[in-house]
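> Based on what follows, work out the 3D shape:
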Amino acid sequence: MNQPGGDKEIRRQLVSTLESGHNHMSLAQATKAFPVSAINSRLPRVPYSFWHLVEHIRLTQKDMLDYMTSTSYEEPPFPAGYWPEKSARATSAQWRQSLARFHQDLKAVIDLVRDPACDLFTVVPNSGGKHTFFRCCLVIADHNSYHIGELGIGRQVAGLWPKSRRD
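Numbers count the residues shown, from 1 in each chain. Have a look, this model is predicted:
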């Protein structure tokens, strides 16, 4: 970061990537006007529902946030710590809660990126010397983008987009 303002520009672009993946759909866009009657629906040959997928995105992002910020971090068991039970079904309140918690945790990640006191290229204490804050944020953005795209495609396949939506 030898250029003046380089740190600010890196932070700005990283926030932009976390918010929407630049050219990718955000979770808010992927779930806008989502029919509550379909949150527990599963596509053929897909072992999880739309809510399972949203909850997986949320749980994984929360784990990464905790990894970066908690001095007492413990990795959850896989897959139980990253996915709801296969038989679990959500209510409309749980769907809204999953979405709200996702956005709350994303805001916390973005606040961390925007904090000039956080050196993004410092190694995360819980990483055993392997991962920087910057890398962790890229992993969050990548994972979110992948599964949000999956959600959008699933919604298309199931015919769950509003008729007024323009592709």
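
> tell me the secondary structure for the residue most central in space within the chain?
Note on the chain: the residue nearest the mean C-alpha position is N144, at 3.9 Å, using Cα atoms, centre = their mean. Here N144 is helix, with the state taken from DSSP: H, G, I helix; E, B strand; the rest coil.

> I'd like the mean pLDDT over stretch 82-97, please.
For stretch 82-97, mean pLDDT rounds to 97.

> Just give me how far it sits from the chain centre.
How far stretch 82-97 lies from its chain's middle: 16 Å, per Cα atoms, centre = their mean, to the nearest Å.

> rewinding a little: wait, the residue nearest to the centre of the chain sits on I57?
Yes. Counting by Cβ atoms under 8 Å, N144 sits close enough to I57 to count as a contact (5.9 Å). All C-beta spots, glycine's among them, are computed from the backbone N, C-alpha and C.

> Tell me the residues that contact both of those two, please.
Residues touching both N144 and I57 (Cβ atoms under 8 Å, 6 or more residues apart in numbering): L27.

> for the helix or strand where D105 lies, which positions count as buried?
Per DSSP states H and E, D105 falls inside helix 92-114. Applying a neighbour-count criterion of 16 or more other Cβ atoms under 10 Å, one finds Q94, W95, S98, L99, R101, F102, D105, L106, V109, I110, L112, V113 buried in helix 92-114.

> cool, and stretch 16-30?
For stretch 16-30, burial by neighbour count (16+ other Cβ under 10 Å) applies to T17, L18, S20, G21, H24, M25, S26, L27, A30.

> do stretch 121-135 as well
By 16+ other Cβ under 10 Å, the buried positions in stretch 121-135 come out as V124, N126, H131, T132, F133, F134.

> Nearest spatial neighbour of the third one, chain-adjacent residues omitted?
Nearest-residue entry for H131: V124, 5.1 Å, with adjacent residues in sequence omitted and distances by Cβ to Cβ, 6 or more residues apart in numbering.
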